[in-house]
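K.L.:
Fold the following.
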Amino acid sequence: MNTHIQKQFNKKFHIFISKHKLQAVLTAISGGQDSICLIELIENFQQHYNKKLQITYIYIDHQWTDNNKQQIQHLINIIKKTKKRFFIYQINQSVNSELKAREIRYNILIKHSIKYNHKYIITAHTQTDKTETFLQHIIRGTSLNGLTSFNDYRKFNNKVHLYRPLLEFKRVEIKWLCRKLYLPIWSDITNYNYTINRNRLRHELIPYICKYFNSNIDKKVNDFLVNSKIENEYITQNAIKLYLYSRHKVNIALNYKLIYRQHIALQVRTLQVFFFIILNKTLT
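P.N.:
Numbers count the residues shown, from 1 in each chain. You can find the predicted model right below:
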């Protein structure tokens with residue numbers, strides 16, 4: 001396979017593996033086109049660039065559909081050809097909230113990673129997922145910190161990190177590669193359930209924006225988030241400096257008068273740093 005997507009992926013993934021000196025990765029998959037494409041890209045990378053790299057796949061089944069057993073068997077058939085380890089977790093409790101399901105899913109991934117000593121979890125999120133998440137955050141009323149949280153890397157704790165190697169590719173590019181390689185994509189009917197907010201964004205709002213406002217929304221949103229991330233990092237660095245300068249040497253306290261003289265943005269962010277360090281709580 002010699003496509004521009006594979007070339008870019010190989011270059012980026014090679015830098016990632018070399019930088020962190022990884023010998024094994026855990027790849028979280030679903031039955032969708034992005035995950036199936038990621039399997040193909042990682043397997044191709046291992047075959048041509050790093051045959052010693054140990055790849056493990058993991059799938060979390062929420063059991064939202066009646067045909068979830070067929071979907072699992074479909075994934076088993078795909079992974080069986082790769083001869084890699086494959087873990088499947090099934091969630092028995094009924095979860096209707098997308099946020100709650102995501103929380104449960106990541107808790108399982110983190111616990112599994114710690115148990116089997118995987119430092120990095122690989123996911124198949126694309127630039128289009130980044131756009132959808134951006135719009136969801138805007139609708140929920142998030143902060144600059146929340147807007148810029150969807151990046152290539154994410155640190156869960158000191159032991160487990162998340163890496164998204166497909167974040168520079170749009171979903172339409174992934175679809176093109178899947179069609180070119182005749183990859184076996186599972187059509188998940190839950191993707192068309194409009195009670196799930198992300199599906200309504202994906203199939204109604206974003207196409208509407210592309211048609212009537214900006215046909216290249218993925219790139220524009222990505223450009224905005226890159227600039228916002230730079231500004232957010234600047235505010236965060238100054239908030240940390242202010243926290244270190246204003247904290248009490250003995251007591252759990254801050255110098256109120258010193259903080260109050262600063263800009264409101266620094267005041268808020270310094271308090272967030274304070275509560276995160278003292279109570280391990282992330283405040284909105």
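K.L.:
any idea of the mean pLDDT in the top helix by length along the chain?
P.N.:
In the chain, with assignment by DSSP state H, the single longest helix is helix 217-246. For helix 217-246, mean pLDDT is 93.
K.L.:
next structured bit after it?
P.N.:
helix 256-260 (DSSP states H and E).
K.L.:
Just after that next one, pick out the following helix or strand.
P.N.:
helix 264-279.
K.L.:
any idea how far that next one is from the chain center?
P.N.:
25 Å (Cα atoms, centre = their mean, to the nearest Å).
K.L.:
hang on, N199 in a strand?
P.N.:
No - with DSSP: H, G, I helix; E, B strand; the rest coil as the criterion, N199 is located in helix rather than a strand.
K.L.:
Now that it has come up, it's in contact with N191, right?
P.N.:
Yes - counting by Cβ atoms under 8 Å, N191 is a contact partner of N199 at 6.0 Å. All C-beta spots, glycine's among them, are computed from the backbone N, C-alpha and C.
K.L.:
More neighbours: which of those two?
P.N.:
In terms of neighbours (other Cβ atoms under 10 Å), N199 is the more surrounded of N199 and N191; the figures are 16 against 13.
K.L.:
now the residue lying closest to Y192 once chain neighbours are set aside: how far from T3?
P.N.:
Closest residue to Y192 in three dimensions, ignoring its sequence neighbours and counting by Cβ to Cβ, 6 or more residues apart in numbering: N199, at 6.4 Å. Spatial separation of N199 from T3 under the definition Cβ to Cβ, to the nearest Å is 29 Å.
K.L.:
before we move on, what about F134?
P.N.:
For F134, the distance to T3 - Cβ to Cβ - is 27 Å.
K.L.:
which of these two has more neighbours?
P.N.:
Remark: of F134 and T3, F134 carries more neighbours, 23 against 14, as counted by other Cβ under 10 Å.
K.L.:
Next, work out how far apart the more buried one and L41 are.
P.N.:
Using Cβ to Cβ, we find F134 at a distance of 24 Å from L41.
K.L.:
just T270 next, same as before
P.N.:
In this structure, T270 lies at 42 Å from L41, with Cβ to Cβ as the measure.
K.L.:
L38 is in contact with I78, correct?
P.N.:
No - proximity of I78 to L38 does not meet the contact threshold set by Cβ under 8 Å, at 11.5 Å.
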